[in-house]
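Colleague: mind looking at a prediction? Sequence and model below.
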Amino acid sequence: MKKLVRLAAAAGASLAALASCGDNNSATPPDAAPVEPDAASPDGPAPFVPPVPFAVPLAAAGPDQLQSATAAPSGAFYAAGFAGASLTAPRFVTIVKIAAAGGLDQAFGTDGKATTTLDFRGGAGEIGIATQPSGKIVVSATVASPSDATDRDVAVIRLNTNGQIDTTFGDNGIRVLDLNTAHNNGTMLVGLDAARGIGVDSGGRIYVLAASRGVGTATGGGPRIDTDFTVARLTVDGAPDATWNGGTANRLDIQESNATPRGLRALADGSVIVGGYASSPGVGSTQPVVYKLKSTGELDSAWGNGGVFHEVVLAVQTEVYNFAVHTSHLVTGGYGRNSGTTNDFVSMRFDLATGARDLAWGGAPNGAVLVDPSGTKAGSNCRNSIALPGGKTALIGSTGPTNMPAQDATVVILDADGRVDAATYGGGILKFPLGANGNDQFWGGAVSGSAAMFVGYKGGGATPTETTNDDAFAVILPLR
């Protein structure tokens, strides 16, 4: 494995990274020096001033998160997450509209919030949001199966622009997708459906990304218990699309290993790019998966290696959580490591038309750019990749010295060549302590007008209580 370029920042207070698949982090190092604003230039732009995050009150007392965002008219934003009245109460899928200047748009829903009837049964990253060309809002989420409350399905709900449920969509506003039934292995259900993303093409058709249990019989006999990458398509108004993949969801099975889909982008022509990761026999460790589907729903065999990129990049772990789509390329965001016990942000670039990976991306010898936002070799987890103007990319997630409970929500800006944009945004690495030693996260983001917004939550720590639990947050970054 070639040596990778490590782009380390010496900025910000050292905090902790989120515990998740493959996260193993080291002991707490000393605090690093804080970032100073850019110095003013006599002839240049005004100094960069980091924006201030703000709470988005979804629940009065219980846990609430924002997990995804999309653009709204006039520079505003929509964001989706959940809100619960207590730690044990139902967590209802909730959508908000945030004004360009920040704060809830009181004309949307009720006081800026639309609380749906969807009882969310998933985890972080399982609520997605997108807008159709008509301006209507579609949201996907993991829910309980109507026929078996212990099983899981994927629901899509549509809202009008005023925040009211659009009852003309699906079945009275909601379409539930039962992609497969989980298997009871005697001690637990395995292979539960899980929503992992939603996208809309130029015609308004809806693409739903999920993990679902593989169909058929396992190679060694017995039922499949592994999960597949799964993409379903709905018509504009929420009916299953009979013209997509012969009328069924497209499934990508990689050697019957558990698939972890994380991101989907629907392109204007109806083709789809999907990303995630899998630990497959013969590939080694946890490695990225990126693939392309044709507008008809079949794998595009001319893209990448038979339609799929899935190979060793970093020796220990490489995960793709999502990707930014630029004019001719896509830029991934995720995390991993080549050695040791702490993860860094990881970014790769692919040709959008051919699937060829740019091995010179960011000046890294093998095109895998590593960024250590902590500056102290602490653990860091990138959860999304957002396209900014000028070919720049925002990688968002968290960074810190241990898994929990202390970590900062984090934004890393890459320039069009894949290097940290140190000249424009306060050194290119921004850390936001949303609470006092909480497991703070950014998960979703979007560009609207002249700003980008990133959403997530102030974490309640390793053991949340009724008084200390997750609280939704957002930050709006003026683009430069």
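Modeller: That came through, no problem. Residues are numbered from 1 along each chain as shown.
Colleague: contacts, neighbours, all on C-alpha from now
Modeller: Will do.
Colleague: quickly list what Thr142 is bridged to.
Modeller: With beta bridges defined as DSSP bridges, Thr142 has these partners: Val154.
Colleague: contacts only, for it.
Modeller: Thr142 makes contact with 120-122, 126-127, 152-155, 193-195, according to Cα atoms under 8 Å, 6 or more residues apart in numbering.
Colleague: from these, pick the one nearest Gln407.
Modeller: In terms of Cα to Cα, no member of these lies closer to Gln407 than Glu126, at 21.1 Å.
Colleague: wait, that closest one sits on Ala195?
Modeller: Yes: taking Cα atoms under 8 Å as the definition, Glu126 is a contact partner of Ala195 at 5.1 Å.
Colleague: those two: who's more crowded?
Modeller: Between Glu126 and Ala195, Ala195 has the larger neighbour count (other Cα atoms under 10 Å), namely 29 against 24.
Colleague: is it fair to say that one lies in a helix?
Modeller: No: per DSSP: H, G, I helix; E, B strand; the rest coil, Ala195 lies outside any helix segment and is strand.
Colleague: nearest spatial neighbour of it, chain-adjacent residues omitted?
Modeller: Leaving out its chain neighbours, the residue that sits closest to Ala195 by Cα to Cα, 6 or more residues apart in numbering is Ala210, at 4.5 Å.
Colleague: now that neighbour: which helix or strand?
Modeller: With elements taken from DSSP states H and E, the one containing Ala210 is strand 206-213.
Colleague: which other residues reach that strand?
Modeller: Counting contacts by Cα under 8 Å, 6+ apart, the residues outside strand 206-213 that touch it are 140, 154, 179-182, 190-200, 224-236, 238, 259-261, 263-264, 266.
Colleague: then stretch 344-351?
Modeller: Under the contact criterion Cα under 8 Å, 6+ apart, stretch 344-351 has outside partners 318-319, 328-337, 356-358, 361, 367-373, 379-382, 395.
Colleague: and the residues you listed, which are buried?
Modeller: 318-319, 329-337, 357-358, 361, 367-373, 379-382, 395 (16 or more other Cα atoms under 10 Å).
Colleague: from those residues, which land in strands?
Modeller: Assignment to strands by DSSP state E places the following of those there: 318-319, 329-337, 369-372, 379-382, 395.
Colleague: circling back: what touches both of Glu126 and Ala195?
Modeller: When contacts are counted by Cα under 8 Å, 6+ apart, Glu126 and Ala195 have 140-142 as shared neighbours.
Colleague: any idea which of those is closest to Lys458?
Modeller: For the shared contacts of Glu126 and Ala195, the closest approach to Lys458 (Cα to Cα) belongs to Ala141, at 20.8 Å.
Colleague: what is the neighbour count of the closest one?
Modeller: 32.
Colleague: apart from its neighbours in sequence, what residue is nearest it?
Modeller: On the basis of Cα to Cα, 6+ apart, the spatially nearest residue to Ala141 that is not a chain neighbour turns out to be Ile127, at 4.5 Å.
Colleague: what's the answer for Pro73, then?
Modeller: Of all residues apart from its sequence neighbours, Ser448 sits closest to Pro73 (Cα to Cα, 6+ apart), at 7.8 Å.
Colleague: next helix or strand past the helix or strand bottoming out on mean pLDDT in the chain?
Modeller: Lowest mean confidence among the helices and strands of the chain (mean pLDDT, DSSP states H and E): strand 6-8, at a mean of 34. Counting by DSSP H and E, the next helix or strand C-terminal to strand 6-8 is strand 54-55.
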